[in-house]
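**Q** structural data only, the sequence is not supplied:
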């Protein structure tokens, strides 16, 4: 099973949005993140920049 940490990068800073993320759905204006036992979280105005499978991290950046 693969659980990822999701972080938002902005201006040389990284902020953790969710740990133990099991699902990420790309929407028109952001992404929806889910874990096993919590309600989904919607992060608006971001896009996926990088997925580090070995490090278990997904990096989001503000949408242009």
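**A** Done, it's in. In this text, all values refer to a predicted model and were calculated from it rather than measured experimentally.

**Q** so for the residue nearest to residue 30 when sequence neighbours are not counted, what's the pLDDT?
**A** Taking CB to CB, 6 or more residues apart in numbering, and ignoring the residues beside it in sequence, residue 30 has residue 44 as its nearest neighbour in space, at 4.2 Å. No exception for glycine: its C-beta is placed from N, CA and C like everyone else's. Note on residue 44: pLDDT of 97.

**Q** hmm, residue 28 and residue 44 touching each other?
**A** No. Look at residue 44 against residue 28 with CB atoms under 8 Å: they stay out of range, at 10.3 Å.

**Q** okay, those two: which has more neighbours?
**A** It is residue 44, of residue 44 and residue 28, that has more neighbours when counted by other CB atoms under 10 Å, with 10 against 4.

**Q** separation between the more buried one and residue 3?
**A** Taken as CB to CB, to the nearest Å, the spacing of residue 44 relative to residue 3 amounts to 23 Å.

**Q** again with residue 45
**A** For residue 45 relative to residue 3 (CB to CB), the value is 25 Å.

**Q** residue 35 now?
**A** Here the distance between residue 35 and residue 3 works out to 8 Å (CB to CB).

**Q** which residues are in contact with both of those two?
**A** Both residue 35 and residue 3 are contacted by 19, 20, 21, 22, under the criterion CB atoms under 8 Å, 6 or more residues apart in numbering.

**Q** mind listing what the residue nearest to the first one when sequence neighbours are not counted touches?
**A** Spelled out, it's residue 19. Using CB to CB, 6+ apart and skipping residues adjacent in sequence, the residue nearest residue 19 is residue 5, 5.3 Å away. Contacts for residue 5 (CB under 8 Å, 6+ apart) come out as 16, 18, 19, 20, 21, 56, 57, 58.

**Q** model confidence for residue 5, exactly?
**A** pLDDT recorded at residue 5 is 97.

**Q** name the element it belongs to?
**A** Element membership of residue 5, judged by DSSP states H and E, is strand 4-10.
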